[in-house]
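J.: Predicted model follows, preceded by the sequence.
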Amino acid sequence: MAPPIAVWSKLEIRAVVGFLFAKGTKCCVIYREMVENYREHAMSMTQVYQWCSWFKDGRTSLQDEPRSGCPNTANNDWNTARVDELIKVDRRVKLKEISLKLDIPKTNVYEIVHDKLGYRKVSARSVPKMLSDEHKRQRVEISQILLHRCQQEGDETLDVGSGGDHRARNKLLEHLITGDETWVTPEHSGDKTRLNDMEAPVLSCHKQVQSPAIGNKGDGHCVLGLTWNDPFRYSAKRRECQC
């Protein structure tokens, strides 16, 4: 068996199909010849039959026929940057408003917002799905600090007070809890309009919870921390966090 052809082009393959069809070769035989010589780059059997039908009808051009409709030029980098800027200015902005301001079809705006920029709606806010580079950098710095502390001072370096002047020595690594942030939006009964603001925290997940005891009307965001008395039982503790 001859080695497969390494260098090929779409027009070349179409020309080979036209040559074999002109010789009177059957379509199924043409397909076998294509697979033998072009392997995974060969036309599918459906395409071979389609081109044989076109050649039979008198087609001579190997180029693709011009398609109707205008080419999609709205989803370029410039429009993506403009859409991102509008969202960062107003997290409550709607796709229709972006479409009118930038003169871009709404379908293209949707593709830019959800597919290219990766935003999603959370309580009427557009928030990125992934952590920002700054959050990743902070994680690396904290991890390096803890690692350096363990290397320099040893594992048993954490002093935990248990009442009075008594200080107990405990292992540092046993008191570290790792995990991803869970962001929540407290629902204030008298300040529900805050839930429609489009703040810009970078989230890994986002949940909406009832928190009637919270009287703070700040940015409305908190991150759940963890406290422990038993290494196998953890309780969620609310801690205010500024984004």
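T.: The structure has been received and is ready for your questions. Numbering: from 1, shown residues only.
J.: What is the end-to-end distance of stretch 20-33?
T.: 9 Å (C-alpha to C-alpha, to the nearest Å).
J.: Could you chop this structure up by domain?
T.: Domain ranges of the chain: 10-56, 77-117, 133-240, per automatic domain parsing.
J.: just checking, what packs against the helix or strand that contains E33?
T.: Under the criterion of DSSP states H and E, E33 resides in helix 27-38. On a contact count with 3 or more C-beta pairs under 8 Å, 6 or more residues apart in numbering; DSSP states H and E, helix 27-38 meets helix 10-22, helix 45-56. From N, CA and C alone the C-beta is placed, and that goes for glycine too.
J.: so where does K121 fall, helix or strand?
T.: Per DSSP H and E, K121 falls inside strand 119-122.
J.: tell me the mean pLDDT for that strand?
T.: The average of the pLDDT scores along strand 119-122 is 75.
J.: Ok, stretch 57-75 next?
T.: Computed over stretch 57-75, the mean pLDDT rounds to 74.
J.: what sits against the closest residue in space to M34 that isn't next to it in sequence?
T.: Distance criterion C-beta to C-beta, 6 or more residues apart in numbering; nearest residue to M34, sequence neighbours excluded, is A42 at 3.9 Å. Contacts here follow C-beta atoms under 8 Å, 6 or more residues apart in numbering; on that basis A42 touches 13, 31, 34-35.
J.: can you check K101 too?
T.: Going by C-beta under 8 Å, 6+ apart, K101 touches L86.
J.: so it sits in a helix?
T.: Yes. Membership of K101 in a helix is supported by DSSP: H, G, I helix; E, B strand; the rest coil.
J.: so how far is Q152 from it?
T.: As judged by C-beta to C-beta, to the nearest Å, K101 and Q152 stand 55 Å apart.
J.: for I98, same thing?
T.: For I98, the distance to Q152 equals 52 Å [C-beta to C-beta].
J.: hmm, back to that, how about the contacts of A42 in a markdown table, adding distance to R137?
T.: Putting these into a markdown table (distance: C-beta to C-beta, whole Å) gives the following:
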| residue | distance to R137 |
| --- | --- |
| I13 | 49 |
| Y31 | 55 |
| M34 | 52 |
| V35 | 51 |
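J.: coming back round to it: so for the helix holding E33, what gets flagged as buried?
T.: 27, 30-31, 33-35, 37-38 (16 or more other C-beta atoms under 10 Å).
J.: and if you look at stretch 147-156?
T.: Neighbour-count burial for stretch 147-156, with 16+ other C-beta under 10 Å as criterion, is recorded at C150.
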